[in-house]
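Visitor: Okay, predicted coordinates and the sequence, questions at the end:
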Amino acid sequence: MHASPSSTRVRLPAAFQRLAWSNLVAQSAEQISLAAAPLVAVFALGADARGTGLLQTAQTLPFLLLSIPLGVWADRRSRRTLMALAESVRVVAMLCVLLLLMTHALSLPLLAALGFVAATGTVAYNVAAPSLVPSLVSREAYAGANGRLELARSVAYSAGPALGGLLVGWIGAEWAYGCAAALSALAVGLLAGLREPPRAATPARHFMLELREGTRFVLHDSLLLPMLATAVFFNLGFFVLQAVYVPYAVHRLGLSASAVGITLGAYGVGMVCGALAAPAVARRLAFGRVLLIGPSCGLLASLVMVGTLVAPSFWLALLSFFLLGAGPILWVVGSTTLRQAITPQRMMGRVSALNSAATYGARPAGALLGAAISARWNMDACLIAAAVAFFVQASIIAMSPAARLAAIPEERVTAC
């Protein structure tokens, strides 16, 4: 982020380029299937807001349950193999959904269960890819490499939901899941050709000892802890909103399946714009100031969505998702770069896993909370609850020492 301009021009090696391409197609597969699932649930299976909330919970629960075990694996064994195996599992899950759709045997519980299985590929990528980057590129290229990965993810978030919505709305959900399975298979092939540099052998230790070491490092660090809390509340608010957005958009905003896909795709368009602007923003602002942009945009986006309660509008929903993508992508690049810069290599997988478990673990909690709020009150209350969570996350980072950083700090020194 707040690095010298030359850092953005460092040539990234071929192994990293292969990782970036595999990341692009894997993320695209995920976004197409995630966009298709609630549309299938609402239009084909007749699910209400409670049903889509429970579906979101199932599709995000693996982040809470699997991040830490996969993070320990990533520190012990091949990170490339971990990602390839998990992505292969996603291929199988998507093909199962396709088969059930073609035989008219799909139900909401089956869709949720297979969504849970498919999410293991995403969990593995989120844990292993950031841990693999420091072994593939030099320290001065961290920010550029993370920006490249996030740009690929942004393209996927932009095209995936829109493509998923269009496929479901125009030619059928089978095409959406077939496309997702094919992209995941391509990601596996790209990973198979990636050469992962060997790591120094480390003595075998008990799982809980390794986990305790990583947890202590994060919870006692004055920079990592507030950033973790900010990400938790961001994801909590985002998935309270996501849990009810599709039925809210269909029944309250009067949008079609294609229009819903377009509004969701605005999130990815915002991410692309934010990722492209990131190098220029990083050159002009102190590192800590860059970290403030994402949470602030998240709060603004939630208030815009609350505005649709008064003035139902496709365009306000579109703007809200655009802001949710444009600002927070700067946060993702910055927070990932900071975590890589100050975390010892031997703990990178565990620290990434703890971050994924806490932040992405907030997703099923947010989806479940959204389902509960909509069942107890209504969908309007979910939008307000999401705005409250976004206010909390913006306040946490604004008051933290991370917001006052002038540049990326050095690696922490810890005892072995």
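Guide: Noted; the coordinates are in hand. Numbering: from 1, shown residues only.
Visitor: mind listing the strands for the stretch 301-416 of the chain?
Guide: Counting by DSSP state E, counting those that start in this stretch, one finds no strands in the stretch 301-416 of the chain.
Visitor: Regarding Ala105, what is its secondary structure?
Guide: coil (DSSP: H, G, I helix; E, B strand; the rest coil).
Visitor: Now do the same for it: its pLDDT.
Guide: On pLDDT, Ala105 comes in at 90.
Visitor: can you pull the buried residues of the helix or strand hosting Leu299?
Guide: Counting by DSSP states H and E, the element that carries Leu299 is helix 287-307. Of all the residues in helix 287-307, those buried under the rule 16 or more other Cβ atoms under 10 Å are 287-302, 304-307. The C-beta positions use only the backbone N, C-alpha and C, and glycine is treated the same way.
Visitor: what's the answer for stretch 342-353, then?
Guide: Within stretch 342-353, the residues that count as buried by 16+ other Cβ under 10 Å are 342-343, 346-353.
Visitor: got it, and stretch 112-123?
Guide: Buried, per 16+ other Cβ under 10 Å, within stretch 112-123: 112, 114-123.
Visitor: from these, which is closest to Arg90?
Guide: Taking Cβ to Cβ as the measure, Arg90 lies nearest Gly121 of these, at 3.5 Å.
Visitor: Give me the neighbour count for the residue lying closest to the closest one once chain neighbours are set aside.
Guide: Distance criterion Cβ to Cβ, 6 or more residues apart in numbering; nearest residue to Gly121, sequence neighbours excluded, is Arg90 at 3.5 Å. By the criterion of other Cβ atoms under 10 Å, Arg90 has 29 neighbours.
Visitor: pretty sure Arg90 contacts Ala118?
Guide: Yes - Arg90 is within contact range of Ala118, at 4.6 Å (criterion: Cβ atoms under 8 Å).
Visitor: what's the overlap in contacts for these two?
Guide: The contact sets of Arg90 and Ala118 overlap at Glu30 (Cβ atoms under 8 Å, 6 or more residues apart in numbering).
Visitor: Please spell out which residues along the strand or helix carrying Ile32 are buried.
Guide: Assigned by DSSP H and E, Ile32 belongs to helix 14-39. Within helix 14-39, the residues that qualify as buried are 15-16, 18-39, counting by 16+ other Cβ under 10 Å.
Visitor: repeat for stretch 258-273
Guide: For stretch 258-273, the neighbour count (16+ other Cβ under 10 Å) marks 259-273 as buried.
Visitor: Please work out how many residues are found near Tyr177.
Guide: Using other Cβ under 10 Å, Tyr177 has 32 other residues around it.
Visitor: And for it, nearest residue in space, chain neighbours not counted?
Guide: In this structure, Tyr177 finds its nearest non-sequential neighbour in Leu98, 4.4 Å apart by Cβ to Cβ, 6+ apart.
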